[in-house]
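K.L.:
structure of the sequence below:
(chains A and B)
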Amino acid sequence: MEELARDILVRAAQGDIQAFEEVYKSTSSFVYNVAYRVVNNREDALEVAQEVFITVHNKLKEFRFESSFKTWVYRITANAAINYAKKASRSKAVPFEESFGEVAIEADAHQLIEQQEQSHLVNKLLGELNEDQRACVVLREIQGLSYEEIAKILNINLNTVRSRLKRAREKLMSLKKSVYEKL
Amino acid sequence: MKNCEQYRELIFTDYIDGQLDAKMVAMVEDHLMDCSDCRLIFKELKTSAAPIKTVELQEVPSELWSRIKENIEEQPQEQNLLEEMLENLKGWLAFPKMVPVLASFLVMFLAGSVTLNTMYIQQAQAKDQGEYLVSVLTPDTSTSPEAQLGSPIESYFL
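P.N.:
Below is the predicted model:
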């Protein structure tokens, strides 16, 4: 995601809905995809993404441009998604995604099936990690963020990023075989 | 010289994520050439991470923006007005020239309050003192024998 022009953010903070739509367009893919992979469920991802954008809208007036806007949105997203997933895992009410979500319509059938299978496998694998490990893996593997960016977003130090990734990857290695067998 | 466990720390994190400098990369790769166990683990690690690394991003459902827009438009106007008033007040107070003016008003208000309060206390004290002197100097008719007899009939028999 590219950094947005300052005047767009200022106009959005003043209540200009068109400027806020620009903010939405440039961040929605990150917000929705992180939410989707952390909460592992389309409906809940929509709810988390909605909560993120309402928070961004209401708090934009307080944003002082002392840090990166992108990092600020990423942090709100990661916190909202982790908190939602933790709450859901405590209540045990949310099943992992069984449908395959939305994929490109123009993809041919074979590619579509492969994508669906892969998405399903990823959901299964991520579902076996705890919420903190899952967020680290999603930010690193799917969003391609650096260790420094992950540390800033999750408000943890670099060594904690390393240890969460290492434990997550060890677990994924041990799980992959059994998850494949269940598919 | 590092042992396998130390190399695996690097293999599971900085090495696979391309975070090491050239010298460290060469060290890890030398070790991988020599150690079949670590080589096997690295191969499994790459295989297990592959599906997550290459998964397609989900398209954002079109309904998301309409839900957000609806929610923003439904936010109560009163709340917005209150927030605006608070912001204006903050801005007004933050205006540097207003500080001495407000301070002068506050001092004048406090001085006026103290003066009025002192006058009231003095008046109340003077009233209490006057009533006391009057009560001391005036004979108490309630304790005179006539007053204790109660009625003319009682007075006659006594």
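K.L.:
which SS class is residue B:17?
P.N.:
On the three-state scheme (DSSP: H, G, I helix; E, B strand; the rest coil), residue B:17 is labelled coil.
K.L.:
which residue sits closest to residue A:121, ignoring its sequence neighbours?
P.N.:
residue B:51 (5.2 Å; Cβ to Cβ, 6 or more residues apart in numbering or on different chains). All C-beta atoms are positioned from the backbone trio N, CA, C, and that covers glycine.
K.L.:
actually residue B:52, not the one I wrote
P.N.:
Closest to residue B:52 by Cβ to Cβ, 6+ apart is residue A:141, at 4.5 Å.
K.L.:
just give me the neighbour total for the one you found.
P.N.:
24 (other Cβ atoms under 10 Å in any protein chain shown).
K.L.:
and chain B, which of its residues are near chain A?
P.N.:
B:9, B:12-14, B:16-17, B:19, B:41, B:44-45, B:47-49, B:51-61, B:63-65, B:67-69, B:71-72, B:87 (Cβ under 8 Å from any Cβ of the partner chain).
K.L.:
name the element residue 121 belongs to?
P.N.:
By default, I'm working from chain A. Element membership for residue A:121 (DSSP states H and E) is helix A:109-127.
K.L.:
look at chain B instead
P.N.:
Per DSSP H and E: helix B:98-137 holds residue B:121.
K.L.:
which parts of that helix are buried?
P.N.:
When neighbours are counted by 16 or more other Cβ atoms under 10 Å in any protein chain shown, no buried residue of helix B:98-137 is found.
K.L.:
check stretch A:116-128 too.
P.N.:
A:116, A:118-128.
K.L.:
that older thread, centre of the chain to the helix holding residue B:121, how far?
P.N.:
Its chain's C-alpha centre lies 38 Å from the corresponding centre of helix B:98-137 when counted by Cα atoms, centre = their mean, to the nearest Å.
K.L.:
what about the longest helix seen in chain A and chain B, any contact?
P.N.:
The helix that spans the most residues within chain A, counting by DSSP state H, is helix A:158-182. Yes - using Cβ under 8 Å from any Cβ, helix A:158-182 reaches chain B at A:162, A:165-166, A:169-170, A:172-173, A:175-176.
K.L.:
for residue B:104, see how far away residue A:148 is.
P.N.:
Applying Cβ to Cβ, to the nearest Å, the value for residue A:148 to residue B:104 is 52 Å.
K.L.:
just checking, what packs against the longest helix of chain A?
P.N.:
On a contact count with 3 or more Cβ pairs under 8 Å, 6 or more residues apart in numbering or on different chains; DSSP states H and E, helix A:158-182 meets helix A:109-127, helix A:131-137, helix A:147-154, helix B:36-53.
K.L.:
what's the angle from the first one to helix A:158-182?
P.N.:
In other words, helix A:109-127. Helix A:109-127 and helix A:158-182 are oriented at 120 degrees to each other (axes from the mean of the first three to the mean of the last three Cα atoms, to 10 degrees).
K.L.:
now for helix A:109-127, which elements pack on it?
P.N.:
helix A:17-39, helix A:158-182, helix B:36-53.
K.L.:
just how off-centre is that helix within its chain?
P.N.:
Worked out by Cα atoms, centre = their mean, helix A:109-127 lies 17 Å from the chain centre.
K.L.:
ok, and the closest non-adjacent residue to residue B:65?
P.N.:
Nearest one to residue B:65, counting by Cβ to Cβ, 6+ apart, is residue A:24 at 6.0 Å.
K.L.:
contact partners for the spatially closest residue to residue A:23 that is not a sequence neighbour?
P.N.:
The shortest distance from residue A:23 to any non-neighbouring residue, by Cβ to Cβ, 6+ apart, is to residue A:12 (5.2 Å). Contacts for residue A:12 (Cβ atoms under 8 Å, 6 or more residues apart in numbering or on different chains) come out as A:19-20, A:22-23, A:57, A:60.
K.L.:
which of those residues has the most neighbours?
P.N.:
Result: residue A:20 is most packed of the contacts of residue A:12 (other Cβ under 10 Å), 24 neighbours.
K.L.:
distance of it from residue B:75?
P.N.:
13 Å.
K.L.:
low pLDDT regions in chain B?
P.N.:
Scanning chain B with the threshold set as pLDDT under 70 gives B:1, B:76-83, B:91-97, B:128-158.
K.L.:
so what's the residue count around residue B:57?
P.N.:
Using other Cβ under 10 Å as the criterion, the residues surrounding residue B:57 number 13.
K.L.:
list the contacts of it.
P.N.:
A:29, A:33, A:142.
K.L.:
just give the number of residues close to the last one.
P.N.:
By that I understand residue A:142. By other Cβ under 10 Å, neighbour count at residue A:142 equals 21.
K.L.:
how far away is the residue most central in space within chain A from residue B:98?
P.N.:
The residue lying closest to the centre of chain A (Cα atoms, centre = their mean) is residue A:34, at 1.0 Å. Distance, residue A:34 to residue B:98, using Cβ to Cβ: 46 Å.
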